[in-house]
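>>> sequence and predicted model, in that order:
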Amino acid sequence: MEAKVAKAHLKQLRMTPRKVKIVLDLIRNKNVAEAAAILKTTNKLACESVEKLLKSAVANAETNHGMDVEKLYVAECFVTPGKLKGMKRVMPRARGSAFRIVKRTSHVTVVLKERD
């Protein structure tokens, strides 16, 4: 029998994947309560968005799959780069040229499973 999993996705987060990955590494393979406590106390900008995503994944697990919230843990969490298309900026450089400033976005995914 296949184990139940609950997922939550956050698309087009206006933050670089590199910054989000630092926060996700802190909560990987932790219980949901412990992960929430870590996100509350860590002083990183990405924590707010990841905490909201974690709450969404817990709600999905409880309502859609009937999983026990006490047994849940963060089985997987990863970030992939999103589009660069929408937020292009230009920085003036020497002799009338211009360099592109890339405003990166992220797609974040959190997967929860139940401990045996």
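Nice, thanks for sending it over.
>>> assign the residue in the chain sticking out farthest from the centre to helix, strand or coil.
Computed with CA atoms, centre = their mean, the residue of the chain farthest from its C-alpha average is R95, at 41.1 Å. Secondary structure of R95, reduced to three states by DSSP: H, G, I helix; E, B strand; the rest coil: helix.
>>> quick one: it from A6, how far?
Counting by CB to CB, to the nearest Å, the gap between R95 and A6 amounts to 55 Å. C-beta: built from backbone N, CA, C; applies to glycine.
>>> repeat for K52
Note on K52: its distance to A6, by CB to CB, is 15 Å.
>>> look at these two and report which has more neighbours.
When neighbours are counted by other CB atoms under 10 Å, K52 and A6 differ, and A6 comes out ahead with 22 against 12.
>>> all strands for the protein, in order.
When secondary structure is read from DSSP state E, the chain shows strands at 5-13, 72-81, 88-92, 98-102, 106-114.
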